[in-house]
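Trainee: Could you work out the structure for the sequence below:
(2 chains)
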Number of protein chains: 2
Amino acid sequence: MQISELARRAGIPVATVKYYLREGLVPPGELTGATRARYGEEHLARLRLVRALLGPGRLSVATARAVLAAVDDPGTSVHEALGAAHRALPGVGVDGAPDLDEARAHLRRWGWRVAADSPALLALAGALDALRTAGSPPPDGLLDRYAAAAGRLGEQDVADIPAGSLVEAVRFVVVNTVLLEPVLLALRRLAQEDASRRRFPDGRPSGAEGR
Amino acid sequence: MQISELARRAGIPVATVKYYLREGLVPPGELTGATRARYGEEHLARLRLVRALLGPGRLSVATARAVLAAVDDPGTSVHEALGAAHRALPGVGVDGAPDLDEARAHLRRWGWRVAADSPALLALAGALDALRTAGSPPPDGLLDRYAAAAGRLGEQDVADIPAGSLVEAVRFVVVNTVLLEPVLLALRRLAQEDASRRRFPDGRPSGAEGR
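Mentor: Sure, this is the predicted structure:
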């Protein structure tokens, strides 16, 4: 198909498609003339992935390029590519160098083994530091509860990874990491809202007696 | 205590404390002279909360002010304040106006009741749109699995809210919403990494036979 049809089917302006091509986010089409190129279904799929990463995924162009490099690299295993994707993806903000010992101790307790430089380990340590800084260390049992929930989800997420094609597996990991995180956070807030409505059914301020 | 001791105990430069005071993020101390004020433990607690919101919580000063207004407003119930906090907190990015029908149908199926304009509902609908846009609608059963996990967490999160003081309850909600989300995301990524190591134990590329 020509670039105009590619843009139309992806629901993106032609100028944006050209921008993605210039930035190397979408591979060039097959040249059919001095200024014309032909594009295939793989370009359309890539265009949709790019749009998802830059839009709802909120990646910068540079980060999207790094993530797509992990998707495209045929020399990595799925496990390595998952690590690369996690590294390239926007992480939890960590200020300074948090103490990793507490986070590591929790992981040992849960029997989880991860890379010593895992970005998620740093993120967990940073988040635990932040809770302490805020004067709100997690209540007893909370971390174990969160780990149990995350463990069940992570286990099934990985079981769902398609085994056939490596590129498809990595694409799946990237999309599911970037795009299911907002789903999980939204669901937790909705569950909180529903539970709060049930626990605090009276909409009135607690100090407003009578009436 | 004087501002120098307040800053020292909070681990923040005096200039930063003065900036927070000017911005109204921390209430003024009790004046004890033309240029001197005295601060109490409540100022220290507030300073730590502000630092957590602006630092690891990644809020802007304007957003932090809105969240703190929800914390300080004695005229709202816990349930209303939770809604206000969710509204002020950085949400999941939503582009355009996603179709809410599918998200609403899921919530009905799970028996969750939330406000018609709940920001988390919009976030869920936006995230589902994004998955479809990326050409990766969630596999069968995935949403139910995520909802079950989120439901258990949200239920217990709300049960943990201290019932005594309204301000303390809202502070708890804000801190736990902003600061436990990165914990949950980090734990899910760690669980994925651990599960991926077990499912794909061979570090070699899938195409690299022999050796």
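Trainee: Check which helices and strands the helix or strand bottoming out on mean pLDDT in chain A is in contact with.
Mentor: Using mean pLDDT, DSSP states H and E, helix A:78-88 stands out as the lowest-scoring helix or strand of chain A, at a mean of 74. Applying 3 or more CB pairs under 8 Å, 6 or more residues apart in numbering or on different chains; DSSP states H and E, one finds that helix A:78-88 makes contact with helix A:61-72, helix A:119-133, helix A:166-199, helix B:166-199. Backbone N, C-alpha and C define where each C-beta goes, glycine included.
Trainee: Could you list the domains of chain A?
Mentor: Following automatic domain parsing, one gets these domains for chain A: A:1-54, A:55-199.
Trainee: At the geometric centre of chain A, which residue do we find?
Mentor: In chain A, the C-alpha nearest the mean C-alpha coordinate belongs to A:Val178, at 2.0 Å (CA atoms, centre = their mean).
Trainee: related to what we said a few turns ago, okay, the domains of chain A, which one's buried deepest?
Mentor: For the domains of chain A, the stretch with the most neighbours on average is domain A:55-199, a mean of 19; neighbours defined as mean count of other CB atoms under 10 Å in any protein chain shown.
Trainee: ends of that one, how far apart?
Mentor: Between the opening and closing residues of domain A:55-199 we find a distance of 36 Å, counting by CA to CA, to the nearest Å.
Trainee: And for stretch A:31-51?
Mentor: 24 Å.
Trainee: which intervals of chain A have sub-threshold pLDDT?
Mentor: A:56-57, A:74-76, A:89-96, A:165-167, A:202-211 (pLDDT under 70).
Trainee: mind redoing it with 80?
Mentor: A:52-53, A:55-59, A:67, A:70-98, A:133-136, A:139-140, A:163-175, A:177-178, A:201-211 (pLDDT under 80).
Trainee: ok, for A:Ala81, nearest residue in space, not its chain neighbours?
Mentor: With sequence-adjacent residues excluded and distances taken as CB to CB, 6 or more residues apart in numbering or on different chains, A:Ala81 is closest to A:Val170, at 4.2 Å.
Trainee: show me what contacts that neighbour?
Mentor: For A:Val170, the contact set (CB atoms under 8 Å, 6 or more residues apart in numbering or on different chains) comprises A:Ala70, A:Val71, A:Thr76, A:Val78, A:Ala81, A:Leu82, A:Ala85.
Trainee: what's the answer for A:Ile12, then?
Mentor: Under the criterion of CB under 8 Å, 6+ apart, the neighbours of A:Ile12 are A:Leu47, A:Arg51.
Trainee: cool, the one 4 residues further on as well?
Mentor: Residues near A:Thr16 by CB under 8 Å, 6+ apart: A:Ala7.
Trainee: A helix includes it, no?
Mentor: Yes: following the definition DSSP: H, G, I helix; E, B strand; the rest coil, A:Thr16 is counted among the residues of a helix.
Trainee: Who are the packing partners of the helix or strand just after the least confident helix or strand of chain A?
Mentor: Of the helices and strands lying after helix A:78-88 in sequence (DSSP states H and E), the nearest is helix A:101-110. When contacts are defined as 3+ CB pairs under 8 Å, 6+ apart, helix A:101-110 sits against helix A:119-133, helix A:142-159.
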